[in-house]
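S.K.: Dropping a prediction and its sequence here:
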Amino acid sequence: MAKADSLQGSMDLLVLKILSRRPGLHGYAIMSAIQDISGEVLRVEEGSLYPALHRMEEAGWIRAEWITKDTGRRARLYVVTAAGKKQLGMEESRWAAVTLAVNRVLREA
Amino acid sequence: MSLWTRIANVFRGNGLNREIDEELEAHIAEAIAQGRDPVEARRAFGSTLRHREGSRDVRLLTWLESLRSDAVFGLRQLKKTKVTSLAAILSLALAIGACTSAFRLIDAILLRPLPVANPERLYDLSREAIGPDGKPQNFDGWAYPDFQLMRAAVKDQAELFAISYAEPVDLTYKSDEEIEKAYLQYVSGWMFPALGLRPGLGRVFTENDDVKPDGHPYAVLSHDYWTHRFGQDPKVVGKTFRMGNELYEIAGVVEAPFTGTEPGTMVDIFVPTMMNSAVTRKDSTWHRTLAMVKPGAALEPMRQKLDATSRAFEEERAKGFMGMSKEEIDNFLNQKVLLEPAASGVSGMQSETRRPLAVLGVLVGLVLLIACANVANLMTAQASARAREMAVRVSIGGGRWRLIQLVLVQSAWLALMAAAIGGLFAWWSGPFVVSMINPPDNPARLILPSDSRVLGFGLLLALAVTLLFGLVPALRASAVNPVSALKGGEDPHSKRRLMHALIAVQVAFCFLVVFVAGLFVTTFERLSHQSVGFSADRLLVVDAVAKTPQPMEFWEQVADHVQGMQGVETVALTDSPLLGGSSWNNFISVNGAPSNGVLSYMRAVSPGWLDAMKIQLIDGRDFRPGDAHPGAAVVNETFAKTYFDGVDPVGKTFDLSLDEGARLHYEIVGYVRDVRYRNLREPILPQLYVPFHSVDENGASRKRGAGVLLVRTSLANPRSLASILRQEVPRARPEFRVSRIRTQLEINQSHTVRERLLATLALFFAIVALLLAGVGLYGVLHYSVLQRRREIGIRMAVGAQAGGVARLVTAEVFAMVAVGAVAGVGMGMLSVRFVESLFYHVKATDLQMLALPSLAILAGALLAALRPVIQAVRIDPASMLRAE
């Protein structure tokens, strides 16, 4: 079971990817999406999602805005920025390179 | 998120926390809405506080955040002790304000570069010679023919240009009824291109405007004059004004902010040097010579070339000297040309005020240090009261740097508030001080900008001051040992030792300030109360001019008319008032022998002058209407001592030897007491008065275009006659105008302006220093009584008497005062050597001069000690011990 620690390096990648496909998700929805799509394999430690989101927002990869939902509660929705899309591309190719390398080791060792 | 939002978030305070919390809460609410168990959802989420801190650190600048919280906390601390904080801020403000305003003045007069191209390559040419008193004297006046030779000699290394000493002149734009004064300077036409000055309107001069003597009647105005005289009227170009007999046409306005090269004087009008009547004379040194050195030119070879050129010129000229011995001529020729940097211009005000300003700078600096010592003691006292708080901070993991920052931020608050108040003080006091240097009639016009230089200085000062008084207490506070501090057992004496050392320093500086102030005040007293030999009371000095030279009878008619006016006692005519700044001299030859090389100073006066000036006649008589110059002479005591071995010279004769070799013969008809001629400090000069009525070689009466009416009035305020005189003089003779009216008292006082300024400011600083040192002393005593209440209570409980208690709390501090005073005497003795030239008939070693500051400090210390001692003696041992 992959916990937050080992997910750390790929957290940015996952968040950016999901947001680029489905813009305008709040934190809980992002978390749920990661869990659903990964078939419950990847679990995000709920609380630490937010400092990560704020860090990415700080880096300028994502942007946030408050909306008021039908229930009357406010939610903070995130969207990927142009810089974020560029970052996603870089993270994707890095991830591809790493998995390729790991697979090669597994195959040929 | 940009840097700006991170900075902004620092100041949103709880708003940011609320926003983060809301998002985190929304997450949990969403989880519950999705059907999860609330307790499980919260547990899965973890500590909201921790996540909030994590997000918060990401979303703002942590160092700024800590600075902000320290600033808020520091301000709260200062507010807690309102009275002491206010005292600290005000004393610092006074000191910072005084420093800033001294800086403004020093910067404006001495430091600020001229607004010209490459001011760093500008040099002033002067000559150094051994004066009659054996000391080297520096003089920067030049004769134009000499200047022309020098300019040609170094034309490859530098561009030399002539600039006359700026002086007020009379000129008229319309009719002669409206004579006005303007500051005028004769300048080389090529000065403008050499200094990179462009026209703001019309044109400025070039080389071609300065070629033929009397051939270029054009003028360039300064931007400032154009603004305040003409309201920036663009049609001013082509207008004319009359000065003397010459009509000048305005060619243009030079671009702002150039107003000449003499800080302290703002030039209104520039005209070409060729328009000066002395331009062809070899014996008239009427202008300065400035050099714009070309890049890379070596100074010393150039100086030598100038030296050789100038010496050759003077040698040629000396061949024509009559009646001077070989030695005197050698002495005259033995001059060295100097090149001195003139990036910030060169002016009489600079050389006159350089030393006084330096002294004032040091005095305000000392006052600032005294104020800093006060605040440092205050901070130390507070820090020790906060030892427990510091210890708690250290115990829960506050870093050493954070503690230093905490205390320094609080210091910075003090310094900044003080700097703000001090800035206002400086803004107000700068022009006030300038007005004090000014003789009312001849105001120094000084640009006193409050620009980035001044602001930068103020901020730098605040920063320096923060470190000066804040760093030691901060370091001490941060070095707190939590274990012993929380037990309350730290060595209480270590803090007092620092405070006592600061008291000694304060007293030493305070002594120095009061001591120097005493010397300046005494100097001013002695100088302004010495006898000048004549009476200045109720005496008006009326400058009269005529368009063209007028015959003597007309001058006498004017004098007679004024004599008949109500409120006028006596009237006399002269060429210039005593102490008025103009001087005129010649060598004297007795019985045809060569002169003894001592110059005699002259004044042309009418019959009745001695009476109007109330100068005492020793022997002989006053001039009579028939006397003329040359012919009759009245001389003073020093004249008799210098040329006649001190015997009564009435009836004796002598000759004046003129430059061209001519001799004028005189018979002494009157012998009078000494009076001050040129200034108040120099030894009395040999003086020679000749009749105002002057005749030429053929015995024909000479006409005069300008003169001075000395009017002794019977009015307490002689100035009340001024406007009537302006009307009555033209009424007596329509050819005459009054161009300026002064009182002799003002003229006399203008000679003590510098001394008065120094005395007043030094006295002010001395009072501030005493006050600050007194407050500091009080603070330390008060603190030590508070700190030692327990000890005092116990001592009293076991039978200590009031006297013993008083001794206990004051002994150490008074020992420090004594140490400080002794150090102050030492510093005083060492430092007066540098300012001796500013003193007059005062010796630093006079007992009186040392006693005064000692007594002042002792009195201040006793006063400061009074309340703390009473507090100590009034401690009730019973309640004190119960409280423990």
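M.R.: Received, thanks. Numbers count the residues shown, from 1 in each chain, chains lettered A, B, ... in the order given.

S.K.: List, one by one, the residues from chain B near chain A.
M.R.: Counting by Cβ under 8 Å from any Cβ of the partner chain, chain B comes close to chain A at B:1, B:6, B:20, B:22-24, B:26-27, B:29-31, B:33-34, B:44-48, B:50-51, B:54-55, B:58-59. In this view, the C-beta of every residue, glycine as well, is placed from N, C-alpha and C.

S.K.: Mind checking which of those residues are in helices?
M.R.: Mapping the residues of chain B next to chain A onto helices (DSSP state H) picks out B:6, B:20, B:22-24, B:26-27, B:29-31, B:33, B:44-45, B:48, B:50-51, B:54-55, B:58-59.

S.K.: circling back: PyMOL command for the buried members of the residues of chain B next to chain A?
M.R.: What follows is the PyMOL syntax selecting those of those that are buried according to 16 or more other Cβ atoms under 10 Å in any protein chain shown:
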select buried, chain B and resi 1+6+20+23+24+26+27+29+30+31+45+48+51+54+55+58+59
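
S.K.: can you tell me which residue is nearest the centre of chain A?
M.R.: A:Val15 (1.4 Å; Cα atoms, centre = their mean).

S.K.: doesn't it fall inside a helix?
M.R.: Yes - when DSSP: H, G, I helix; E, B strand; the rest coil is applied, A:Val15 is found to be in a helix.

S.K.: just checking, it touches A:Ala29?
M.R.: No - with contact defined as Cβ atoms under 8 Å, A:Val15 does not reach A:Ala29; the gap is 11.3 Å.

S.K.: distance of the closest residue to the residue nearest to the centre of chain A other than its chain neighbours from chain B?
M.R.: Nearest residue to A:Val15, sequence neighbours excluded (Cβ to Cβ, 6 or more residues apart in numbering or on different chains): A:Ile30, at 6.0 Å. Separation of A:Ile30 from chain B (Cβ to the nearest Cβ, to the nearest Å): 10 Å.

S.K.: correct me, but A:Ile30 touches A:Leu49?
M.R.: Yes - using Cβ under 8 Å, A:Ile30 makes contact with A:Leu49 at a distance of 6.9 Å.

S.K.: still on that earlier bit, for the residue nearest to A:Val15, give me its contacts.
M.R.: Going by Cβ atoms under 8 Å, 6 or more residues apart in numbering or on different chains, A:Ile30 touches A:15, A:18-19, A:49, A:53, A:78.

S.K.: got a list of contacts for stretch B:75-86?
M.R.: B:378, B:382, B:410, B:413-414, B:779.

S.K.: how long is it from one end to the other?
M.R.: 12 Å (Cα to Cα, to the nearest Å).

S.K.: in it, what counts as buried?
M.R.: For stretch B:75-86, a neighbour-count test (16+ other Cβ under 10 Å) marks B:77-78, B:84-85 as buried.

S.K.: now do stretch B:140-152
M.R.: B:140, B:142-147, B:150-151.

S.K.: what about dumping the CA coordinates of it to CSV?
M.R.: Only the C-alpha atoms of stretch B:140-152 are listed here, as CSV (Å, rounded to 0.1, in the frame of the first residue of the first chain):
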residue,chain,number,x,y,z
ASP,B,140,42.8,83.1,-4.1
GLY,B,141,42.4,86.5,-5.8
TRP,B,142,44.1,87.0,-9.2
ALA,B,143,44.9,89.9,-11.6
TYR,B,144,43.4,89.3,-15.0
PRO,B,145,46.7,89.7,-17.1
ASP,B,146,48.3,87.1,-14.8
PHE,B,147,45.3,84.8,-15.4
GLN,B,148,45.6,85.2,-19.2
LEU,B,149,49.2,84.1,-19.1
MET,B,150,48.4,81.1,-16.9
ARG,B,151,45.5,80.1,-19.0
ALA,B,152,47.7,80.0,-22.1
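
S.K.: ok, and what's touching it?
M.R.: B:124-127, B:159-162, B:165, B:273, B:276, B:278-289, B:306, B:309-310, B:312-314, B:346.

S.K.: how many other residues sit next to B:Trp584?
M.R.: Neighbourhood size, B:Trp584 [other Cβ atoms under 10 Å in any protein chain shown]: 14.

S.K.: Then B:His228?
M.R.: B:His228 has 12 neighbours, counted by other Cβ under 10 Å.

S.K.: and it, which of the three is it?
M.R.: helix.

S.K.: tell me what the lengthiest helix in chain A is packed against?
M.R.: For chain A, the longest helix by residue count, based on DSSP H, is helix A:82-108. Judged by 3 or more Cβ pairs under 8 Å, 6 or more residues apart in numbering or on different chains; DSSP states H and E, helix A:82-108 is in contact with helix A:4-21, helix A:49-59.

S.K.: Return the distance of it from the chain's centre.
M.R.: When C-alpha coordinates are averaged (Cα atoms, centre = their mean, to the nearest Å), helix A:82-108 and its chain have centres 15 Å apart.

S.K.: Next, the angle helix A:49-59 makes with it.
M.R.: 120 degrees (axes from the mean of the first three to the mean of the last three Cα atoms, to 10 degrees).

S.K.: tell me the average confidence for helix A:82-108?
M.R.: The average pLDDT for helix A:82-108 rounds to 91.

S.K.: In the stretch 351-500 of chain B, which residue sits closest to chain A?
M.R.: For the stretch 351-500 of chain B and chain A, the shortest gap (Cβ to the nearest Cβ) falls at B:Gly397, measuring 21.4 Å.

S.K.: Kindly indicate whether that residue is helix, strand or coil.
M.R.: On the three-state scheme (three-state DSSP), B:Gly397 is labelled coil.

S.K.: Worst mean pLDDT among the helices and strands packed on helix A:82-108?
M.R.: Minimum mean pLDDT among the helices and strands packed on helix A:82-108: helix A:4-21, a mean of 76.

S.K.: State the next helix or strand along the chain beyond it.
M.R.: helix A:27-37 (DSSP states H and E).

S.K.: got the CA coordinates for that following helix in CSV?
M.R.: The C-alpha trace of helix A:27-37 is given here as CSV (Å, rounded to 0.1, in the frame of the first residue of the first chain):
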residue,chain,number,x,y,z
GLY,A,27,-9.3,19.3,-2.5
TYR,A,28,-11.6,16.5,-1.5
ALA,A,29,-12.5,15.8,-5.1
ILE,A,30,-8.9,15.7,-6.1
MET,A,31,-8.2,13.2,-3.4
SER,A,32,-11.2,11.1,-4.3
ALA,A,33,-10.2,11.2,-8.0
ILE,A,34,-6.7,9.9,-7.2
GLN,A,35,-8.1,7.1,-5.1
ASP,A,36,-10.9,6.1,-7.6
ILE,A,37,-8.8,6.2,-10.8
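
S.K.: what is the orientation angle of it with helix A:49-59?
M.R.: Using the same axes, to 10 degrees: helix A:27-37 against helix A:49-59 is 110 degrees.

S.K.: buried sites along helix A:27-37?
M.R.: Across helix A:27-37, burial judged by 16+ other Cβ under 10 Å covers A:27-34.

S.K.: got the contact list for B:Val672?
M.R.: B:610, B:615-618, B:634-637, B:689.
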